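Novice: Quick one, what's the 3D model for this:
(one chain, ligands or ions: 2)
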Amino acid sequence: MEKPRLILLNLLVFIIITGVALVGVPIEAVFFDIDAVELVTCVFLIYFSGMSITAGYHRLWSHKSYEANALVRFIFAVGGAMTVQNSILHWSSDHRVHHKHVDDNDKDPYSAKRGFWYSHMGWMLREYQPVRYSDYSNCRDLQKDKIVMWQHNNYLAITLIANFGITGILGWLNGDILGMVLVAGVLRILVVHHVTFFINSLAHIWGRQPYTDANTARDNDVLAFFTFGEGYHNFHHIFEYDYRNGIKWWQWDPTKWLIRGLSFIGFTKNLRRCPEERIEKAKLAMQLQQTQAKLAALPSLPNKDELVKLLNDEYEALISKMSEFYNAKKNVMDMKRKALLKTYEGMEITYHYKELKATLALRKDKWIQLCQQQLHYA
Ligand SMILES: [Zn+2]
Ligand SMILES: [Zn+2]
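Specialist: Ligands and ions are numbered 1, 2, ... in the order given. Just a heads-up that it's a prediction; the model follows:
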């Protein structure tokens, strides 16, 4: 089959950025020196522009996982343009198709099933989906956002001014315009490009699948560290409307911390979270499925049927205990809201809730042990 036409503009942009960063920056370092101010600015702008993509383009605009005021949206629009990844409208439209048709080689714009290179960069170099190119019908909501449309209609100017204007002025203040443009401008774009592209490529290849195996998305702590928290991509693909990607408090997700931090000063609001019960149950279902698969793969085991039955029974029992627990938790919350926790009824409900919590914890331990035991046989 003949390959689609090359998109020369994209190809040129990538070649120039890569060439200047990999050749120009070392020359600057050797002959003119790179100072600490340039390096610190580079790192700061990696975070600023990178998180304008993850918190802005991705979690705010593509997934509407929270709301942000005009100032925050304006800053993300400028920071996002600095990364040279097309406009919010275009990026979000692609991304919504990616979620809707994930891994479908004909529809997913950066389907990981077409290989690492295609999902990393290849998809941008040829006209694989020309019919869709300026079809933004899946982003009608975003077309009502004045900042989104302002950025879309003035994309080139904003991108050039944000990249060369900001770094140029900072360089002038620091006494070396070219050095700053090279390090905090071009090299920074190259870094943020690949960091973002890794989410489409590596985060669909490398890592674990604790929540779903219905698609290729993976959870990966190493990737999360380099992608401002987006490496928890398995969670993200099943619960895409959650403003968090790393849901545990200790999971490295600075994008989540930024969004939550901004909510404390009223700059962001209506942060959406998937109910804990659904998350927990998705995880259990995966554990059951993975253990069943391991058991089924065992060549011969005298009591295999018994083990399968035990596993299924334990799973059913755990799920029903979990439903009971979350029901009780809801009742406690209701009583708390009505300030009735100190009444006799409130205390009864709290007691029941605590009892269930302890039983559930024990059952969970038992379950994990059972799964591991089965895996041990395998
Ligand atoms: Zn997404
Ligand atoms: Zn994905």
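Novice: List the residues that contact Gly354.
Specialist: That one is not Gly; residue 354 is Lys. By C-beta atoms under 8 Å, 6 or more residues apart in numbering, Lys354 lies in contact with nothing. To be clear about C-beta, it is placed using only N, CA and C from the backbone, and glycine gets the same treatment.
Novice: Buried residues, the helix or strand hosting it. List them.
Specialist: Using DSSP states H and E, Lys354 sits in helix 344-377. The neighbour-count check on helix 344-377 (16 or more other C-beta atoms under 10 Å) flags 346, 349-350, 352-353, 356, 360, 363, 367, 370-371, 374 as buried.
Novice: roughly how far apart are the spatially most central residue of the chain and Met51?
Specialist: Centrality entry for the chain: nearest residue to the mean C-alpha point is Glu230, 3.2 Å, by C-alpha atoms, centre = their mean. According to C-beta to C-beta, to the nearest Å, Glu230 and Met51 sit 10 Å apart.
Novice: Overlap of the contact sets of these two?
Specialist: The contact lists of Glu230 and Met51 share Thr255, where a contact means C-beta under 8 Å, 6+ apart.
Novice: can you map out the helices along the stretch 1-150 of the chain?
Specialist: For the stretch 1-150 of the chain, the helices defined by DSSP state H, counting those that start in this stretch occupy 8-19, 25-27, 36-51, 70-81, 88-100, 116-117, 123-125, 146-153.
Novice: Specify the angle between the fourth one and helix 36-51 in degrees.
Specialist: So the one you mean is helix 70-81. Angular relation of helix 70-81 and helix 36-51 on a 0 to 180 degree scale: 110 degrees, by axes from the mean of the first three to the mean of the last three C-alpha atoms, to 10 degrees.
Novice: So for helix 70-81, mean pLDDT?
Specialist: Average pLDDT, helix 70-81: 98.
Novice: and what of the shortest one?
Specialist: Along helix 116-117, the predicted local confidence has a mean pLDDT of 96.
Novice: which residues touch it?
Specialist: Residues contacting helix 116-117 (C-beta under 8 Å, 6+ apart): 201-202, 205.
Novice: repeat for the longest one
Specialist: Outside helix 36-51, the residues within contact range by C-beta under 8 Å, 6+ apart are 79-80, 82-83, 167, 170-171, 174, 176, 179-180, 183-184, 187-188, 191-192, 195-196, 228, 254-255, 258.
Novice: what's the answer for stretch 84-100, then?
Specialist: Outside stretch 84-100, the residues touching it (C-beta under 8 Å, 6+ apart) are 13, 17, 53, 56-58, 61-62, 77, 80-81, 107-110, 132, 135-136, 138-139, 142-143, 148-149, 151-152, 155, 159, 163, 189, 193, 196, 200, 237, 240.
Novice: Ok, stretch 6-26 next?
Specialist: Residues contacting stretch 6-26 (C-beta under 8 Å, 6+ apart): 34, 84, 121, 124-127, 182-183, 186-187, 189-190, 193.
Novice: let's see it at 7 Å
Specialist: 84, 124-127, 182-183, 186-187, 189-190 (C-beta atoms under 7 Å, 6 or more residues apart in numbering).
Novice: just to revisit the earlier point, among the contacts of helix 116-117, which are in strands?
Specialist: The members of the contacts of helix 116-117 all map outside strands under DSSP state E.
Novice: which of those residues has the most neighbours?
Specialist: Comparing the contacts of helix 116-117 by number of neighbours (other C-beta atoms under 10 Å), Leu202 comes first, having 23 neighbours.
Novice: what about the closest residue to it other than its chain neighbours, how many neighbours?
Specialist: Distances taken as C-beta to C-beta, 6 or more residues apart in numbering place Leu223 nearest to Leu202, at 5.9 Å, with adjacent residues excluded. Neighbour count of Leu223, defined by other C-beta under 10 Å: 22.
Novice: Quick check: Leu223 vs Trp367, distance?
Specialist: Distance, Leu223 to Trp367, using C-beta to C-beta: 28 Å.
Novice: Repeat that for Phe76.
Specialist: 42 Å.
Novice: I'd like the distance from stretch 196-203 to the chain centre, please.
Specialist: 10 Å (C-alpha atoms, centre = their mean, to the nearest Å).
Novice: Please list the residues outside that stretch that contact it.
Specialist: Contacts of stretch 196-203 (C-beta under 7 Å, 6+ apart): 53, 83, 85, 110, 112, 116, 119-121, 217-218, 220, 223, 227, 230-231, 233.
Novice: Just the CA atoms of the strand or helix carrying Phe235, as PDB, please.
Specialist: Assigning secondary structure by DSSP H and E places Phe235 in helix 233-238. Provided in PDB are the C-alpha atoms of helix 233-238 (Å, rounded to 0.1, in the frame of the first residue of the first chain):
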ATOM      1  CA  HIS A 233      -2.100   6.000  31.900                       C
ATOM      2  CA  ASN A 234      -3.900   2.700  32.600                       C
ATOM      3  CA  PHE A 235      -5.900   4.400  35.300                       C
ATOM      4  CA  HIS A 236      -6.400   7.400  33.000                       C
ATOM      5  CA  HIS A 237      -7.900   5.400  30.100                       C
ATOM      6  CA  ILE A 238     -10.500   3.800  32.200                       C
END
